[in-house]
Structures are given as structure tokens and as C-alpha cells.
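Chemist: build me a model:
(chains A and B)
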Protein chains: 2
Amino acid sequence: MKKKILMAPFAALLALAPLSAQEPEKKEYPSPNAIVDAAPADDWTSIAASDLLVMDLASDAKGEARRVIIQLIPPPFSQGWVGNIRKLAAAKFWDGTSINRVQDNYVVQWGDAGYDNPESGETEQKALPDDLVEVPESEYDVHMHMEEKIHLSHNLQLESPADAYASWGYFDQGWPIASDTVSKWPVHCYGAVGVGRNLSPDTGSGAELYTVIGHAPRHLDRNIAVVGRIIEGMEHLSSLPRGKGQLGFYADASKRVPIQSIRIGSNLPPEDQPKFEYLSTVSGTFFEYADARANRRDPFFIKPAGGADICNIPVPVRRVMTK
Amino acid sequence: MKKKILMAPFAALLALAPLSAQEPEKKEYPSPNAIVDAAPADDWTSIAASDLLVMDLASDAKGEARRVIIQLIPPPFSQGWVGNIRKLAAAKFWDGTSINRVQDNYVVQWGDAGYDNPESGETEQKALPDDLVEVPESEYDVHMHMEEKIHLSHNLQLESPADAYASWGYFDQGWPIASDTVSKWPVHCYGAVGVGRNLSPDTGSGAELYTVIGHAPRHLDRNIAVVGRIIEGMEHLSSLPRGKGQLGFYADASKRVPIQSIRIGSNLPPEDQPKFEYLSTVSGTFFEYADARANRRDPFFIKPAGGADICNIPVPVRRVMTK
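Modeler: Have a look, this model is predicted:
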């Protein structure tokens, strides 16, 4: 039996025929959003609450709640860190920590800023749960099996999307993925969540996280682990005041934004569990949507680009509307 | 005499030899920022105050001044709109207008939000200066002369940077430029400033402007005019609360951020004129910097990307320090 690879070869998009070959001049093409809005229910795939990380920040100056929802990346990607993150959330590690860094056109970063102990004169950190694993450098990408390579090369060989960072760019289980034809890895697009680390590549536990708030910093791919993406509440992070310290850290500790709690979605009370779904990246609607992102033909546009980089085709994710 | 083209062929960067071929293992490579910091004074090119647009927003909630400085793009790009913008600033058109739209991962937009006249029941706009020109669609890109094409193709033919949106990407007079080998145009990177318009491509006067606050929306290239870029104070725009109306417009008019004034830099009092310079994109330092952006070898990185998209090589611009 042929192994099923959940993947949308990007090349197919560019080759997609016009929606209506018979009346090319009269046809009014829908916008990418209109295509998504018209997707049949079957094209949407639900996201398990157990794969969501729910971050509640302290209320804003007006007393309004600020909730940020992160979808964790599925296997085979970055699972060492994802496992640690599940343990950290279960241990309530992040409760009482804070957002400490907001660097314009780069990242918002959160975790334990440390506590300046006046007795020792040193900055002390919270203890990490003792069941965390040390994730080796080798997990920054995933080796591809021959069958997968053949499948990909067959689908991508004619018109691989131009990408300055990889040979192939495609979508796997709803996630943007890059490959050098030997291994594959998740990419740093806007809203991607990654694991901060020190100089040595095996020093990222998952306790220190960041998200991208600017142009995709793809040079971080394979150098830092991508473990998820923000699917709701991004504005609570991206609109924070920029830090004035080095690398955008808040020089003034009072500017830090307190984190009330971070929990795995399935550990919240049932009525509070977030329900989301993503547009299947092997669906016909997704092909049509991605083609429209690469070739805008809706009325505003006069020159379709003829292509799109992988981070300019954000996978549609939406809240499940319950009646 | 050969025509001088102020341009940095990107291809040269990727082919650049390691900085020290003799001791590849011991060499500690500088970061892109360290390379820029070490640039000789001659590698910096001054920006005329007459090419700057100085936007003063109303003070923030803490009473702090908010100034945003925009560099206008030089000829031959978008000069119809740039000319209009100079006239609009001279006429003080924007004084008393506002920032009306903040759409996450897309744009911040400002201009005349209109005035709801209770008598007529209609939204009325400020009158535009009557010497503005209507800029035709043909000015969204610039035809390239044969000599320029030959020069570019010679320099870029071996290793053109991968770009999903154009055949060539390069730097011209300090600006990121794309080309389809026939014409050339400025690109929408983070911080690029463009001209809002209605459906018809000749409807953008320059009175309605926006800047990019997310991943480069390159599909806008050649569909909307790029007229400049933010070179200081970007955080005053990018960190604004996101609008909750359609397309990120502020549904509540009280959320709009008032614009006190927008002036051409050379029309400010001499002591208040901003002085900036950019790293010449034909300098050796720029080649070294761009190579380092594409191949991070400084200690944090374990896998250099081997490339960079044009918007991930922001041209360094800095304030001139006066003694």
C-alpha cells in the first residue's frame, strides 16, 4: 500500500488552469479570502484541543482580557521540544513569568526573566521540571525517506516555487515546510513560534519561546526549533511596545507583560476549550486559494505576481463556530 | 564612456569566498551588524533632508513625542507620486488628518478619514491641492535600457537570487529592486511606504499612504506604487493597536491617531532637519553584509541558509552623529 503523504505540492498551483477557460475576459475572479469563505465543510480539518497552547496575559490597561492561542506542530517535526512544552504547561511553569522582549520586525519573546536576589546579588531562575529532555541538534530537521523524496520530486520537479532558502517549499499537514531534498523542516513565517536557546544548539528546553512579528526570518530555519504558530490573539503580542534595551528586551522591568497562565487546551474546563480547524492543504480549495495568492486576479490587481513565497500563503485557520 | 549604474548585483554575494580561506575552522565570523559597524566612513552615503518626509503624530498617552521619518524613493522610480507627495506636504495637507487603519501582518495606513457632515449626511473629504498630477499605470515600473539589461544579466546570470516574484532582485541606489528583465520596480519590504488607491490603478494621488508592518506583501509590487520607506520611528506605527473594523480600519473613530504635521525635511528649521545616511549598496561592506545575511556564520548559527530573499537584507540606514 502506498504511504500517504499529507502534502500539497506547490507546483500544481502555478500550473492551475484559469477558473473559466471559456470566458476569460468576463470572468470576475474571487479574492483568496472569498475562495476560503466558499470552501465546503469537508475541506476543513479540526485541530485537537490537546494540540493547542492557551496563553493568558494579564489584562490590558483597559481591563480587557488578552488570550493568545498557539497550535503545536505535529510529528515528525520538533517533537522533543513539543514534549517539553507539554510538560512545562502541565507543571504550570510559565504562570507568573512574562513577555520580556519585543524587537521590531523580528520577535516577541517570553519566559522566565529571572529574579534578582538581593542577598546573593545574582539573578536566579525558576527550576525547570526535572523530566525535560535535552533535544539534540539533529532534531532541527527530519530525514526524508526515499519514497517521500520520489513523491515530492515528482510533484515539484516541473515548477518548484522559487525560494531563497531551500530547494523545495510545500505544505504538510497544514504547515509550511522546506526541504533540501535530503531532509525537511518547518519554516519561520509570521506568527511562527520557536524555542529560544543559548549559543550551543542543544540548550533550548522549550521554556523560553518567541514568535515572529515581522518579515519571515528564514535564516533561523534549522538553527532554532519551530514548535508552533499563533492562530488567535496575535495582535496582543505584535502590537506591544517595542523594548528599548539590547535586542528589544525591555530595559525597564516594569514594561514586562505578566503571563497569568499557559495551559494545554484539553486541560481547560470543557466549555473553555478552544475549537479550531484549518483548511486542509491537500484540498482543492487550498490549491485554488494558493493559486490566487500567487496570481491575484481579483479586480484590484493589474499585474498578477506569477508566484508567492511560502510565507505569503498563510494556511487558513479559523475558530469552529458552534450553534 | 560607460554609463555608471549604481547597483549591487546580488549574485556576487553568494559567490563571495569565505573571509579567511586559510584558517576556516578557527575564524570567528562577524555578525551582519558587526560588519556594518566596522564600515569605513566612505561607505556611507548621505541622504538629503529634501528627500525626507517628517511625520509628527500626536503625543502618546504618556505625553511622549512620536516622530516618524520616511525616505522618499529617488528617480527613476515612482516620481509622479513622489512629486505629488512633495506638493501635499508643502500644502500642509496632512496636518489634522490621522492614522486610520492598522491591519496585523499587513499595513498601517494614514490620510484623510473624511468628515461626516450632519447636514448633507455625507462624508466629505479635504480638497486636494489643485496642482497634483494623475499618475498613469505605466509608472508602476520603469523600462530598462539595453545597456542596463546587459549589465544586469552579466552580473546576475550565474546565480540570480531565488525570488518568487521576479527574475532578478538587486539593489539600486540603496533600494531593493526587482526586475522581469524588461522593466524594474521597487519592492514591498517591511517598512516600505506605498500609495493607497481605489480600484482603478490611476486613482492613487499620494494623499493616502501606508507602510508594511508584516511579511513582505510582494504581490502588491507593480500594483501599488512604492514611494519610500520608514527609516526611523517605525515602532510608532507597527506597535499601534490593530483596528477591529474591516481590513483593519479603526471601527471606532476615536482610536484614530492624529497626525500633527507632515513636512519635507528641508522645510524644517535648520536645527531640526534630520540627517541620515545609508550604507552604499555598491560598497565592499555592503557585499560583505549581504553575504553574511545570506550565510550566517557568526557563533549562534549552525546551518547557514545559503541565500536570503531581498527583503531579508535590509539596507542599513543610520542617523548621522554630529559632534
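Chemist: which elements pack onto the one helix or strand residue A:110 maps to?
Modeler: Using DSSP states H and E, the element containing residue A:110 is strand A:107-111. Using 3 or more CB pairs under 8 Å, 6 or more residues apart in numbering or on different chains; DSSP states H and E as the contact criterion, the elements in contact with strand A:107-111 are strand A:98-102, strand A:209-212. The C-beta positions use only the backbone N, C-alpha and C, and glycine is treated the same way.
Chemist: in JSON lines, list those strands along with mean neighbour count.
Modeler: Compiled in JSON lines, the helices and strands packed on strand A:107-111 are given as follows (neighbours: other CB atoms under 10 Å in any protein chain shown):
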{"stretch": "strand A:98-102", "mean neighbour count": "24"}
{"stretch": "strand A:209-212", "mean neighbour count": "26"}
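Chemist: now the ones you listed in CSV, please, with extra columns for mean pLDDT and distance to residue B:207.
Modeler: Output for the helices and strands packed on strand A:107-111, formatted as CSV (pLDDT from 0 to 100; distance: least, CB to CB, whole Å):
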stretch, mean pLDDT, distance to residue B:207
strand A:98-102, 98, 32
strand A:209-212, 98, 33
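Chemist: so for residue B:254, which of those sits nearest?
Modeler: Taking CB to CB as the measure, these were each checked against residue B:254, and strand A:98-102 came out nearest at 25.2 Å.
Chemist: who's in contact with the closest one?
Modeler: Strand A:98-102 has contacts (CB atoms under 8 Å, 6 or more residues apart in numbering or on different chains) with A:57, A:107-111, A:113, A:210, A:213, A:237, A:240-243, A:247-250, A:256-259, B:239.
Chemist: any of these buried? List them.
Modeler: Under a neighbour-count criterion of 16 or more other CB atoms under 10 Å in any protein chain shown, the subset of those counted as buried comprises A:57, A:107-111, A:113, A:210, A:213, A:237, A:240, A:242-243, A:248-250, A:256-257, A:259, B:239.
Chemist: before we move on, back to that, what angle do the strand holding residue A:110 and strand A:98-102 make?
Modeler: Taking axes from the mean of the first three to the mean of the last three CA atoms, to 10 degrees, one finds that strand A:107-111 is oriented at 150 degrees with respect to strand A:98-102.
Chemist: tabulate the CA atom coordinates of strand A:107-111 in PDB.
Modeler: The C-alpha trace of strand A:107-111 is given here as PDB (Å, rounded to 0.1, in the frame of the first residue of the first chain):
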ATOM      1  CA  VAL A 107      10.300  38.600  17.600                       C
ATOM      2  CA  VAL A 108       8.300  38.800  20.800                       C
ATOM      3  CA  GLN A 109       9.800  36.500  23.400                       C
ATOM      4  CA  TRP A 110       8.500  35.200  26.700                       C
ATOM      5  CA  GLY A 111       9.700  33.100  29.600                       C
END
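Chemist: partners of it, with directions?
Modeler: Pairing partners of strand A:107-111, with direction, according to DSSP bridges: strand A:98-102 (antiparallel), strand A:209-212 (antiparallel).
Chemist: sheet partners, orientation included, of the helix or strand that the last one is followed by?
Modeler: Meaning strand A:209-212. Scanning forward in sequence from strand A:209-212 by DSSP H and E, the next helix or strand is strand A:226-232. Strand pairing for strand A:226-232, determined by DSSP bridges: strand A:66-72 (antiparallel), strand A:192-195 (antiparallel).
Chemist: okay, those in JSON lines with mean neighbour count, distance to residue A:223 and mean pLDDT next?
Modeler: JSON lines is the format used below for the strands paired with strand A:226-232 (neighbours: other CB atoms under 10 Å in any protein chain shown; distance: least, CB to CB, whole Å; pLDDT from 0 to 100):
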{"stretch": "strand A:66-72", "mean neighbour count": "22", "distance to residue A:223": "20", "mean pLDDT": "98"}
{"stretch": "strand A:192-195", "mean neighbour count": "26", "distance to residue A:223": "10", "mean pLDDT": "98"}
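Chemist: now those strands in TSV, with distance to residue B:276?
Modeler: As requested, the strands paired with strand A:226-232 are exported to TSV (distance: least, CB to CB, whole Å):
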stretch	distance to residue B:276
strand A:66-72	36
strand A:192-195	32
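Chemist: residue contacts, residue A:318?
Modeler: Residues near residue A:318 by CB under 8 Å, 6+ apart: A:44, A:276-278.
Chemist: residue A:307 contacts residue B:162, correct?
Modeler: No. Applying CB atoms under 8 Å, one finds residue A:307 not in contact with residue B:162, separated by 10.3 Å.
Chemist: who has more neighbours out of those two?
Modeler: Higher neighbour count among residue A:307 and residue B:162: residue A:307, with 21 against 18, using other CB atoms under 10 Å in any protein chain shown.
Chemist: excluding its backbone neighbours, what's nearest the more buried one?
Modeler: Beyond its immediate neighbours in the sequence, the residue positioned closest to residue A:307 (CB to CB, 6 or more residues apart in numbering or on different chains) is residue B:164, lying 3.8 Å away.
Chemist: cool, residue A:244 as well?
Modeler: Leaving out its chain neighbours, the residue that sits closest to residue A:244 by CB to CB, 6+ apart is residue A:251, at 5.1 Å.
Chemist: any idea how far chain B is from that neighbour?
Modeler: 14 Å (CB to the nearest CB, to the nearest Å).
Chemist: ok, residue A:90 next?
Modeler: In terms of CB to the nearest CB, residue A:90 sits 30 Å off from chain B.
Chemist: that'll do, ta.
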